[in-house]
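> Next input, structure requested:
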Amino acid sequence: MAIVVRIDVELAKRKLSVGEFAELVGLTPANVAVLKNGRAKAVRFSTLEAMCRVLGCQPGDLLEWVPDEE
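As a prediction, this is how the structure comes out:
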């Protein structure tokens, strides 16, 4: 099972840089990069809420579950 993070897709749609997004959400650019690259082990609901507020999207637009291939 893998969770795919699609922050980069939503940023591209809105022509937002990682730095701009980080400032609007209240994170460091390094922490946004960790999320964006799928290296995060957890995401706080408050962070997810802030990302959705800034991007005007739903959590499912940012996160997708992809089943393992058997």
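
> ok, then the element right after the longest helix belonging to the chain?
The longest helix of the chain (DSSP state H) is helix 45-55. On the C-terminal side of helix 45-55, the closest following helix or strand by DSSP states H and E is helix 59-62.

> List of residues touching that next one?
The contact list for helix 59-62 (Cβ atoms under 8 Å, 6 or more residues apart in numbering) reads 5, 6, 7, 10, 48, 51, 52, 55. In this view, the C-beta of every residue, glycine as well, is placed from N, C-alpha and C.

> List the contacts of the residue nearest to the fourth one when sequence neighbours are not counted.
This means residue 10. If the residues on either side of it in the chain are set aside, residue 10 comes closest to residue 55, at 4.9 Å by Cβ to Cβ, 6 or more residues apart in numbering. Residues in contact with residue 55 (Cβ under 8 Å, 6+ apart) are 10, 11, 14, 16, 21, 61, 62.

> Kindly reformat these as JSON lines containing secondary structure, distance to residue 41 and neighbour count.
JSON lines is the format used below for these (DSSP: H, G, I helix; E, B strand; the rest coil; distance: Cβ to Cβ, whole Å; neighbours: other Cβ atoms under 10 Å):
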{"residue": "10", "secondary structure": "helix", "distance to residue 41": "21", "neighbour count": "20"}
{"residue": "11", "secondary structure": "helix", "distance to residue 41": "21", "neighbour count": "18"}
{"residue": "14", "secondary structure": "helix", "distance to residue 41": "26", "neighbour count": "13"}
{"residue": "16", "secondary structure": "coil", "distance to residue 41": "25", "neighbour count": "16"}
{"residue": "21", "secondary structure": "helix", "distance to residue 41": "21", "neighbour count": "20"}
{"residue": "61", "secondary structure": "helix", "distance to residue 41": "21", "neighbour count": "16"}
{"residue": "62", "secondary structure": "helix", "distance to residue 41": "16", "neighbour count": "20"}
